[in-house]
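Sequence first, predicted coordinates after that:
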Amino acid sequence: MPDPVIQVVGIRKTYGALVAVDEVSLDVHEAEIFGLIGPNGAGKTTTMECVEGIRTPDRGTIRVLGLDPVRDVYALQERIGVQLQQAQLQKRIKVWEAVHLWASLYRRQPGIGEQLLAQLGLTEKRNALFMTLSGGQKQRLFIALALINDPEVVFLDELTTGLDPQARRAIWDLVRGIRERGKTVFLTTHLMEEAERLCDRVAIIEHGRIIDSGRPAELVERYCPQRSIVLVTDDANALERFGRIPRLRDIARQDARYTLSGTGDEFISDVIACLSEHRMRVSDLRTVVPTLEDVFLELTGHSIRD
């Protein structure tokens, strides 16, 4: 297996008595979207800034594309693209001026910036002032600036925070497009749905420590294997029939509404087979599948929003 694009081993970062990052280790592989996920204040941004070379860890080692982000900072800057969480531009800079400026910093032709504006749907806004852009348009511009040097690795910090659902999904499509071009994406987010929809692998961080990591589906299966079906039926024998379903763990009933909970990949199929076998009429049916939100709750004992 090829070496990781990003390799972090045992880094620690403190600010006085505050331990922001505590013995964090992680690997990011080529052409994947890797998410560092956790609540605000968990240490996500500090970890990312250490990996980017913006901050120096107190101890531990970091390699990005085989380079030390502190010692090899100038060589690394040529090969990575960065979007910072609190990124801002001058209020009166025009969109085209921003991309041309960034292109000149990386000794790239201005046409590269114009191509990115077209790809990100910003051509019509090229003459607009930065301060007049919507939140989604600003984020697309920051993605354009992060991509202008054709980086091998792209860092995105809380990219969709504060955006409406439509703008958020548009940004997700753009990030998937970055990966499809063979780039590696390292992002942070406290939005569990975003991590689940977007990331190939995630690491969950809490109080500066990595709790666990893996593919979202693997983490859900590991910590929250239970599945539920909520259905409505007037069948007089429903309770008895449901009680014989294999892998059933629990039945909750409220009038004609039943919530059936069980484990295993076949549980939902078993419920459907029961309904079919007994020709039970159902007026409503939906499945309830655990998410990364449930994984976080299981691991920490509290919601990510607490």
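It's in.

quick check: domain ranges of the protein?
As assigned by automatic domain parsing, the chain contains the domains 6-220, 225-289.

for those, which one sits closest to Ile304?
domain 6-220 (5.0 Å; CB to CB). From N, CA and C alone the C-beta is placed, and that goes for glycine too.

Centre of the chain to that closest one, how far?
11 Å (CA atoms, centre = their mean, to the nearest Å).

For the stretch 101-250 of the chain, just list every one of the strands.
153-157, 184-189, 201-206, 209-214, 226-232, 248-254 (DSSP state E, counting those that start in this stretch).

Can I get the second one in CSV, CA atoms only?
I take that to be strand 184-189. The C-alpha trace of strand 184-189 is given here as CSV (Å, rounded to 0.1, in the frame of the first residue of the first chain):
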residue,chain,number,x,y,z
THR,A,184,-6.9,14.5,-1.8
VAL,A,185,-9.3,16.5,0.4
PHE,A,186,-8.8,16.9,4.2
LEU,A,187,-11.8,18.7,5.7
THR,A,188,-13.1,19.5,9.2
THR,A,189,-16.8,19.7,10.1
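
Partner strands of that strand, with direction?
strand 33-37 (parallel), strand 153-157 (parallel) (DSSP bridges).

Name the residues that touch it?
5-6, 28-37, 44-45, 47-48, 51, 85, 152-161, 175, 178-179, 195, 198-199 (CB atoms under 8 Å, 6 or more residues apart in numbering).

Quick one: buried ones out of those residues?
Neighbour counting by 16 or more other CB atoms under 10 Å classes 5-6, 28, 32-37, 44-45, 47-48, 51, 152-161, 175, 178-179, 195, 198-199 among the contacts of strand 184-189 as buried.

what about the closest residue to Ala103 other than its chain neighbours, how many neighbours?
Taking CB to CB, 6 or more residues apart in numbering, and ignoring the residues beside it in sequence, Ala103 has Gly113 as its nearest neighbour in space, at 4.7 Å. Using other CB atoms under 10 Å, Gly113 has 25 other residues around it.
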